[in-house]
Structure formats: structure tokens, C-alpha cells
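Asks: the following block contains a protein sequence and its predicted model.
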Amino acid sequence: MPDSRVASLRRYLVCEPRHFAVRYAINPWMRPDRPVDVLLAQRQWQTLVDTYRDHGHTVENVKPEPGLPDMVFAANAAVVVEGRVFGSLFHAPERRPESVPYEAWFKAEGYEVHHPESVCEGEGDLVSAGRWILAGTGFRTTREAHREVQEYFGVPVIGLTLVDPYFYHLDTALFVLDEENIAYYPEAFSPGSREVLARLYPDAVLATREDAMAFGLNSVSDGRHVFISPGATALAAQLADRGYVPVPVDLSEFQKAGGGIKCCTQEIRS
Ligand code: ARG
């Protein structure tokens with residue numbers, strides 16, 4: 001198996017962390033009293049973008065807006081499947097205005113954009129997994145939004161309930177490796193959701209709490225390379241055993257806001 005994995009070239013949307021800060025607390029990682037090193041954050045983010053480009057991926061930029069310190073987390077702004085855009089309606093009032101520049105970007109690029117009626121946080125909770133969309137709920141995105149997503153795309157939506165506030169978005173507890181498989185942290189899910197995942201993915205890579213707390217499940221895979229937090233060492237070793245190539249990228253400053261690699265990366269699926 002090693003060396004049999006094939007990468008496919010992706011198109012990612014990102015937003016430079018020019019105005020990144022932790023000014024409010026909407027998840028347990030955020031502590032507004034603890035300083036963020038914005039220059040370090042910018043260097044870490046630039047390394048992520050350079051790493052994507054070095055691996056052949058296309059990276060597009062949305063212009064960062066002042067006053068929106070979480071706008072760097074591009075994954076939360078939409079989910080794009082087959083060139084159609086399902087936008088976001090953020091749970092926190094502080095983040096609601098982010099939808100405007102993101103949806104404007106997609107419209108300017110000629111995309112059809114649907115603005116949701118129910119609270120929904122894009123790829124933070126809606127993970128496109130080839131045959132279906134895995135959809136988190138419990139902290140942010142609602143069940144009503146899951147129904148709306150299924151109606152819009154006509155793709156089966158599989159609802160999964162998150163139970164641990166540290167893993168408040170699905171993309172902090174699970175990521176897609178390729179069309180066939182995923183990696184996840186089982187304890188982040190309700191017992192029933194755990195069973196659903198075990199049925200759909202009997203061969204999944206299971207991560208430890210340490211891997212999950214190091215943002216190891218907030219990874220991006222191109223089918224071969226897995227862009228992963230360097231702290232998730234046990235997970236990286238498991239991935240290497242399965243023939244994937246872990247590519248460590250350190251986004252430690254963003255963990256202070258509860259974000260990592262995947263949070264900073266939205267995939268535009270044509
Ligand atoms: N501070 C942001 C929030 O709580 C972080 C979002 C991280 N993004 C993600 N896809 N998990 O909304």
C-alpha cells in the first residue's frame with residue numbers, strides 16, 4: 001500500500017489574517033485576555049499558502065475586512081459542491097457580517113450562491129465526502145440547515161451530533177482523507193453518531209484525544225498529502241502507515257481562536 005496514494009489538484013479559498021485577533025470568546029479555546037502574535041500568525045498562514053502552492057494546488061484570496069477578526073477561517077463561510085455555493089449564517093452575531101464579503105466574492109466569480117435560512121457555518125460543519133455530505137450539529141449548524149443543504153444540493157446529508165465543546169465544529173473532530181475514508185475522534189460524537197460513522201467507515205483512522213486537542217483532525221488531505229498540525233504525532237504516524245504523506249504545518253497562533261489548517265481553508269469543488 002505505501003506510495004499507492006494519488007493526489008488530486010485542488011482549488012482553495014483563503015483569507016489573509018491581517019485583522020486576526022481574539023476579541024470575544026465563542027468557543028472554549030478563545031481567551032481575549034491572552035495576546036495573539038499577529039506577525040507570527042501571518043507568517044504561519046503564509047507558510048500554509050506556500051505549502052499548498054508547492055504541492056500544485058491553486059489558492060484564491062478573499063480580501064480581509066477590518067473588524068472581522070475570525071474572517072481568516074474561510075472554511076466557515078460556505079460549502080461548495082459541483083460549483084454551487086451554499087453560504088453561511090453564523091451562530092455568533094460577531095461573525096454574521098463575514099458572509100457578505102465571502103458571498104460577494106463568489107458572485108463576482110460567477111457562482112450561484114444560496115444564502116441559508118437557518119444557522120449554518122459552511123465547511124466548519126458540512127464536510128463533503130464524495131457520495132454524501134457529513135453534517136455536524138450540536139453547537140453551531142442546526143438540523144434545519146442540514147435539511148436545507150440536502151434540498152439545495154440533492155446530495156444525501158448525514159447528520160452527526162457533536163458533544164464536546166472543544167470540538168464545536170465537525171472539522172475539529174473529523175476530516176476526509178479521500179473518496180473512501182476519513183479520520184476522526186470518536187469521543188467528540190454522541191453514541192448514535194459514533195455508530196453511524198463506524199458503519200459508514202469501518203476502516204477509518206481513529207484519533208486520540210491528544211491528536212484532537214492538537215488540532216490533528218483539522219487537517220486537509222489531497223488524497224495523498226495530509227497537511228496536518230505538527231502536534232498530532234500519533235495521528236501522523238497512523239496516516240503514514242496507511243500510505244498517506246503527512247505534511248506538517250504549524251498554525252499554533254490560530255489555535256488561540258479555536259482554529260487550525262482546515263479552518264483556514266475552504267475547498268472550491270467545481
Ligand atoms: N473563532 C472561530 C469560531 O469560534 C474559529 C472557527 C474555526 N473554524 C473551523 N472551521 N473550525 O467560530
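Replies: That came through, no problem.
Asks: identify the residues contacting the closest residue to the ligand within the stretch 1-150 of the chain.
Replies: Per C-beta to the nearest ligand atom, residue 124 is where the stretch 1-150 of the chain lies closest to the ligand, at 3.6 Å. No exception for glycine: its C-beta is placed from N, CA and C like everyone else's. By C-beta atoms under 8 Å, 6 or more residues apart in numbering, the contact set of residue 124 is 73, 75-76, 136, 140-141, 169-171, 263.
Asks: as a markdown table, those residues with distance to residue 185, secondary structure and pLDDT would be great.
Replies: As requested, the contacts of residue 124 are exported to a markdown table (distance: C-beta to C-beta, whole Å; DSSP: H, G, I helix; E, B strand; the rest coil; pLDDT from 0 to 100):
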| residue | distance to residue 185 | secondary structure | pLDDT |
| --- | --- | --- | --- |
| 73 | 20 | coil | 98 |
| 75 | 18 | helix | 98 |
| 76 | 20 | helix | 98 |
| 136 | 12 | strand | 98 |
| 140 | 17 | coil | 98 |
| 141 | 18 | coil | 98 |
| 169 | 13 | coil | 98 |
| 170 | 11 | helix | 98 |
| 171 | 12 | helix | 98 |
| 263 | 16 | helix | 98 |
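Asks: buried subset of the residues you listed, written for PyMOL?
Replies: The following PyMOL line selects those of the contacts of residue 124 that are buried, judged by 16 or more other C-beta atoms under 10 Å:
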select buried, resi 73+75+76+136+140+141+169+170+171+263
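Asks: between the contacts of residue 124, which sits nearest residue 113?
Replies: Here the nearest of these to residue 113, counting by C-beta to C-beta, is residue 76; it sits at 15.3 Å.
Asks: these two touch, right, the closest one and residue 122?
Replies: Yes - contact criterion C-beta atoms under 8 Å: residue 76 and residue 122 qualify, at 4.7 Å.
Asks: any shared contact partners between these two?
Replies: Joint contacts of residue 76 and residue 122 (C-beta under 8 Å, 6+ apart) are residue 88.
Asks: phi first, then psi, for residue 53.
Replies: Per-residue torsions, residue 53: phi -60, psi -40 (degrees, to the nearest 10).
Asks: can you name the residues that contact it?
Replies: residue 59.
Asks: go on, the one 10 residues further on?
Replies: By C-beta under 8 Å, 6+ apart, the contact set of residue 63 is 15, 101.
Asks: do you know the pLDDT at it?
Replies: At residue 63, the model reports a pLDDT of 98.
Asks: likewise for the one 4 residues further on?
Replies: Among the per-residue scores, residue 67 holds a pLDDT of 97.
Asks: without its sequence neighbours, what residue ends up closest to the residue of the chain found nearest the ligand?
Replies: With C-beta to the nearest ligand atom as the measure, residue 263 is the residue of the chain nearest to the ligand, at 3.1 Å. What sits nearest to residue 263 in space, not counting adjacent residues and going by C-beta to C-beta, 6 or more residues apart in numbering, is residue 73, at 4.3 Å.
Asks: now swap in residue 161 and tell me
Replies: residue 190 is the one closest to residue 161 (C-beta to C-beta, 6+ apart), at 4.1 Å.
Asks: show me which residues of the stretch 51-200 of the chain sit near the ligand.
Replies: Proximity of the stretch 51-200 of the chain to the ligand (C-beta under 6 Å from any ligand atom) is limited to residues 70, 73, 75-76, 95, 124, 169, 171-172.
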